Each structure stands twice: as C-alpha cells, then as structure tokens.
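Enquirer: only geometry, no sequence info:
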C-alpha cells in the first residue's frame, strides 16, 4: 500500500469537510429515508419473512394496506433511483477532484470500488440479503470504463438502461422459461417463508444464513435479478455522471432558478403519474381490477416513466428547499445522515434484523407486524440516526465506516477526531 500512501502525499487525500457539496449530503440523507423504508417493508412483507395470510390476520391489516399504497406511490423505485443517481454523480465529482490534485485517479478509485465490493459482499451474505453495496461497486467498475463516453451517449444510454434495463432482462429470463425451469418461485412460497421464520425464531443464525443464501441463488442468480438490477443501477449512475459534468449541483446557487422552475413541473407530474400507476397496480393485486395483460403493461409502463420523473422532482424539492427559509431548518439535518451514508445504511440493516429476526438479541417480529408499524419503526430509527449523526459529526470528521473505507483506500489513517476549534455547534 506504499504507492497509495505516496499518492496521498501528493494530493490523493480524502475530500475534506470543506470540499463537500452540502446539497449532495442532504440528498443522500433524504434518499436514505426511502431506502430504509423500502428495505424494511420489503423484508417484512409478503413473500420474504411473512406470508399473505399472516399479514391479513393482523389487527392493523386495513392500515397496513393504506401504508402499502403510500410506500408504493412515494417510495418504491424512487429512493433507489435517487441513491444510484447520487452515486454516479459522486463518481464524477471524485474523479474531477483527484485529477485536479494530480492524483492517480485510476488506482485510487478502483481500490475504493474493490473495498466497497468487499464491504457489500460481507453485508449481503451475513447481514442483509437485499444489499446494494456490491451491486453499486460492480456498477461503479462499469461506469469507470465509460468515463470517457461522450455527453450525448452517456445521457441517452443512461436513460435507456434506467427505464428499460431491468424490464428487458426480466422479460428475457421469463421468455426463455429459465426461471420456471429453475424453480425460482420456490423462494417465495409459504413453506420457504415459514422455514425462514422457524430458523429466525430459533435464533439459529447458520440456518438463517443458509436460507438467505438459497434465496439469493434462486432469485438473484437464476431469476436474473442480479443482471436486471445491475443495468437498472448503471443507467442511473450514467445519468448522475452526466449531471455531474454539467455542474448543476456543485453550483446549485447559480442554477437555483432552474431547479425551482423544474420543481413545478417534475414533482406534480411524477406524483400524478406514480399515483395512477400505484392505484392500478394495487387494484390488480387486490382483484379490484380485472386481470388484464394490457392493464398490467400500461401500469408498468407508466411506472417506468413516472418513477424517475418523481425522483428528479425530489432532487429539485430538496435543492430548492435548502434555500427556502421555512424549509431549510428541516432539511439541513439530513445532510448529517448523508455524510455518514455508508454507516447509516448498514445501521439500518441492523435495525431491520433486530426487529424481524430472533437471532440474539432480536425481537423475531416477522409475520407479526405490518407496514404501518414498520413505518413507525422507520420514523423512530431514522430520527435516531439524524440525532446521532449530528452528534458524531460535531466531534469526528467521518462516520466510522467512512473512516475505515478511506483508511483502506488511501493506505493512511485519516484524522478522525476534529480539533477543538473545529467542533463548533451546528447552526440553529
């Protein structure tokens, strides 16, 4: 690691707090609310750690149905769209900064991605099956090799992958009959769910890991979801990198009029489109609407377009809100969470595991809580993350996992504790 240490000495050091883009941190923090919600509801929902009959028998079933609709409308596919977009944007900004310092960008960034991949694999196999870190790392490698792609190709290719990438892979797998022949549906049967619940309730961690590994084999590999989500994420990375080239978020103050103008277009359009798509999908799932192939295609097509539009509307909302006196005090604390995005993302997984699984000291509530209660836990857990992140960053320069990531990337130990004069209280 001596080569990296030498690189750090000549300008390849981590970005200081002063170099960070406040809008990006706030956006990451905002995206993490949605990621937490989507992951928790996905784990606690029908087909993974609970059966449909268990959820229907809960006293909160009606409220859970309402909560499910709002999650589908406001969160599903929007949070991960925003998070992936910000990853691509961050890639471009880091490349610019390292190049400007005369650093060896290729060596540093590839090392950074390799470490993220290792973090992700550990997280995926030992903590949280729905991990995105390993997927983002692999997408980051692909984005690295696309870094010299022209603006037009980067944008058009990114949009096509973002909208159609997952759909094309999923359709190809189903068309070939591979998923059916591989017995992928076995991962979602009541028997599979109850087996996972049994291992969890018994506190049998090795058995639970074996269940999760089998789920990954069936769903992630044989069902083609790994490739589907890879292209889905890569498209969003590419759009993020394209926006990074424009400098719109780095110099948001100069472009605030544009953000406010597009906010009035994108947010209402995205909300309306996703409301209609969610309403149709909910009606199809519940049987309230006829089982029509044409209606399913129309609902999915509307969702594929409206989801990124709404995610873009969220970007404009946060950027404009940070410059609105009434909204800014509510949004600024999200930046603390965003500055510790890796630490907070993994912590959210531990919260999900603690609530749903019986591995010591877990509560083993899988199948016993519905979406309404999950959203309450998300609100409490995220509120605690906002408070803790603000407390931590008054005293330390990086989150714990961010510090470890930087230390392994650069081959040096970045100063963790802030000097006394730097530990000023946050602005009210």
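Expert: That came through, no problem. What you see is a predicted model, and the numbers here were worked out from it, not measured in a lab.
Enquirer: so what secondary structure elements neighbour the host helix or strand of residue 81?
Expert: Counting by DSSP states H and E, the element that carries residue 81 is helix 79-100. Using 3 or more C-beta pairs under 8 Å, 6 or more residues apart in numbering; DSSP states H and E, the elements in contact with helix 79-100 are helix 22-44, helix 105-126, helix 133-145, helix 225-246, helix 293-321. (Glycine included, C-beta is placed from N, CA and C.)
Enquirer: Take these and write them to TSV, including distance to residue 196.
Expert: Shown next, in TSV, are these (distance: least, C-beta to C-beta, whole Å):
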stretch	distance to residue 196
helix 22-44	10
helix 105-126	15
helix 133-145	21
helix 225-246	18
helix 293-321	28
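Enquirer: what's the closest of those helices to residue 88?
Expert: helix 225-246 (2.7 Å; C-beta to C-beta).
Enquirer: Please work out the average pLDDT along the helix holding residue 81.
Expert: Across helix 79-100, pLDDT averages out at 87.
Enquirer: ok, and the closest non-adjacent residue to residue 162?
Expert: Closest residue to residue 162 apart from its sequence neighbours, by C-beta to C-beta, 6 or more residues apart in numbering: residue 235 at 3.2 Å.
Enquirer: wait, the one you found sits on residue 155?
Expert: No. Residue 235 is beyond contact range of residue 155, at 10.4 Å (criterion: C-beta atoms under 8 Å).
Enquirer: who's more crowded, these two?
Expert: Ranked by neighbour count (other C-beta atoms under 10 Å), residue 235 and residue 155 place residue 235 first, with 26 against 17.
Enquirer: hmm, back to that, which parts of the helix holding residue 81 are buried?
Expert: Residues 79-95, 97-98 are the ones in helix 79-100 that count as buried (16 or more other C-beta atoms under 10 Å).
Enquirer: what about residue 228, neighbour count?
Expert: Other residues lying near residue 228 total 20 when counted by other C-beta under 10 Å.
Enquirer: Would you mind confirming that it makes contact with residue 161?
Expert: No. Using C-beta under 8 Å, residue 228 is not in contact with residue 161, being 10.7 Å away.
Enquirer: Now do the shared contacts for the two.
Expert: The contact sets of residue 228 and residue 161 do not overlap (C-beta atoms under 8 Å, 6 or more residues apart in numbering).
Enquirer: what's the burial count for residue 49?
Expert: Using other C-beta under 10 Å, residue 49 has 21 neighbouring residues.
Enquirer: again, but for residue 40
Expert: 25.
Enquirer: Surely it is in contact with residue 353?
Expert: No. Assessed by C-beta under 8 Å, residue 40 is found out of contact with residue 353, at 10.4 Å.
Enquirer: ok, back up a step: give me the pLDDT value at the residue nearest to residue 162.
Expert: Residue 235 is given a pLDDT of 94.
Enquirer: I'd like to know how far it sits from residue 319.
Expert: If you measure residue 235 against residue 319 using C-beta to C-beta, to the nearest Å, the figure is 22 Å.
Enquirer: Also residue 341?
Expert: Distance of residue 341 to residue 319, given as C-beta to C-beta: 18 Å.
Enquirer: Quick one: residues contacting the residue nearest to residue 143 when sequence neighbours are not counted.
Expert: Leaving aside its chain neighbours, residue 143 sits nearest to residue 237 (4.7 Å; criterion: C-beta to C-beta, 6+ apart). Contact analysis of residue 237 by C-beta under 8 Å, 6+ apart lists 84, 85, 87, 88, 91, 139, 140, 142, 143, 158.
Enquirer: re earlier: what about the residue nearest to residue 162, distance to residue 156?
Expert: Taken as C-beta to C-beta, the span from residue 235 to residue 156 is 10 Å.
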